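Engineer: what's the 3D shape of this:
(one chain, ligands or ions: 1)
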Amino acid sequence: AKEPVRVLVTGAAGQIGYALVPMVARGAMLGLNQPVILHMLDIPPAAEALNGVKMELVDAAFPLLKGIVATTNVVEACTGVNIAVMVGGFPRKEGMERKDVMSKNVSIYKSQASALEKHAAPNCKVLVVANPANTNALILKEFAPSIPERNITCLTRLDHNRALGQISERLNVHVGDVKNVIIWGNHSSTQYPDVNHASVKTSSGEKPVRELVGNDEWLKGEFITTVQQRGAAIIKARKLSSALSAASSACDHIRDWVLGTPEGSWVSMGVYSDGSYNVPTGLIYSFPITCKNGEWSIVKGLSIDDFSRKKLDLTAEELSEEKSLAYSCLS
Ligand code: NAI
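Structural biologist: Next up, the predicted model:
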């Protein structure tokens, strides 16, 4: 029998946590033949709710779930984990300045970085979901210097999946037949959803999305803004954040990272920039990514037109500003 993999979910008593932990326990993240032990962390005010989630996990009798650690102790939560999905964070409340939210989250990610560095299993893979996701991941990286930078990522797969969904709706094709969209940059409203290299599988072979849509005005306008603002649209409709799709995309992110992306297709992941596409180093930025043998790599050499170049630069600028703001909160 396979050894169980320990998966940490922080903020596990929250909305995304509640959607995510049963997916992990059912094998949606690591596969149907991979036993798991769930480590769930939340803060003391949420301890009772966290215990309720634990009770439900017991009641659901998941055969793959070999153990549950539910705790408000960061060290206990991080000990021995192989995968860490960081969903916990301080939400922006009415009347709060961006800097106040940033300051709360930076201090959370700084202290959790140290706990992971000291107590997680060697080669632990980290996915940051909580906003500001790219900058939280960067802080985590900076304060966990012994964790290799390639092990620290942030979630832009939800945006990637949203882009696939919009194309599939527009062209009335199955979402599984659409591939190779790209989300560039920040998980924020400056992200750039790019379809210049995307294609659709049709009965007469693979066709470029651009050609099939045949309407550049839509692709350069409404398509981009719909993807950028989808999170807000869902909050407006549900009065709650997009927990189901965020949880599902977090599973997609880890699954592809661990088990690999299919031949000929890529996904989007926020990773530490190596300067590819002239994106400054020192930022966690979303790129087109392929994965193999548990390692990701940036897809190189794609052509970037002028329209795209401006968008790539704009979202990089925002990330540089967030980084400065984060550092000003630390000092
Ligand atoms: P939520 O407020 O329902 O849950 C957050 C949980 O984190 C709460 O249970 C809270 O007690 C806990 N928490 C707060 N501080 C913590 C700490 N220091 N350690 C551990 N847990 C802590 O929020 P929801 O809807 O689950 O969203 C979680 C985060 O994910 C938010 O930051 C949200 O903006 C972000 N998000 C990111 C997406 C992405 O695509 N990257 C998509 C949707 C949401």
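
Engineer: In contact with the residue of the chain found nearest the ligand, which residues?
Structural biologist: The chain approaches the ligand most closely through residue 14 (1.9 Å), counting by Cβ to the nearest ligand atom. Any C-beta I mention is one placed from the backbone N, CA and C, and that applies to glycine too. Taking Cβ atoms under 8 Å, 6 or more residues apart in numbering as the criterion, residue 14 is in contact with 42, 46, 87, 88.

Engineer: CSV for those, including neighbour count, pLDDT and distance to residue 243?
Structural biologist: Shown next, in CSV, are the contacts of residue 14 (neighbours: other Cβ atoms under 10 Å; pLDDT from 0 to 100; distance: Cβ to Cβ, whole Å):
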residue, neighbour count, pLDDT, distance to residue 243
42, 25, 98, 15
46, 19, 98, 15
87, 27, 98, 10
88, 26, 97, 14
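
Engineer: Which pair of these spans the longest distance?
Structural biologist: Of all pairs drawn from those, the greatest distance, 12.1 Å, lies between 46 and 87 (Cβ to Cβ).

Engineer: Identify the residues contacting stretch 191-206?
Structural biologist: Taking contacts as Cβ under 8 Å, 6+ apart, the residues outside stretch 191-206 that touch it are 156, 159, 162-163, 167, 171, 173, 177-185, 207-210, 212-213, 219, 223-224, 227-228, 286, 288, 302-303, 305, 308, 311-312, 314-315.

Engineer: Now a ChimeraX select for only the buried ones of those.
Structural biologist: Those of these that meet the burial criterion (16 or more other Cβ atoms under 10 Å) are gathered into one ChimeraX selection, given here:
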select :156,159,162,163,167,171,173,178,179,180,181,182,183,184,185,209,212,213,219,223,224,227,228,286,288,302,308,311,312,314,315
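
Engineer: Check the contacts of stretch 191-206 one by one and keep those near the ligand.
Structural biologist: Residues of the contacts of stretch 191-206 in contact with the ligand (Cβ under 6 Å from any ligand atom): none.

Engineer: Quick check, pLDDT for residue 90.
Structural biologist: For residue 90, the pLDDT comes out at 89.

Engineer: can I assume it sits in a strand?
Structural biologist: No: under DSSP: H, G, I helix; E, B strand; the rest coil, residue 90 falls outside any strand and is assigned coil.

Engineer: And it, its phi and psi?
Structural biologist: Backbone torsions for residue 90, taken as degrees, to the nearest 10, come to phi -100, psi 120.

Engineer: Helix or strand for the nearest residue to it once chain neighbours are set aside, just tell me which one.
Structural biologist: What sits nearest to residue 90 in space, not counting adjacent residues and going by Cβ to Cβ, 6 or more residues apart in numbering, is residue 104, at 3.8 Å. Secondary structure assignment for residue 104, by DSSP states H and E: helix 98-119.

Engineer: List of residues touching that helix?
Structural biologist: Contacts to helix 98-119, defined as Cβ under 8 Å, 6+ apart, come from residues 10, 74-75, 77-81, 84, 86, 88-92, 124, 126, 128, 130-132, 135-137, 139-147, 322, 325-326, 328-330.
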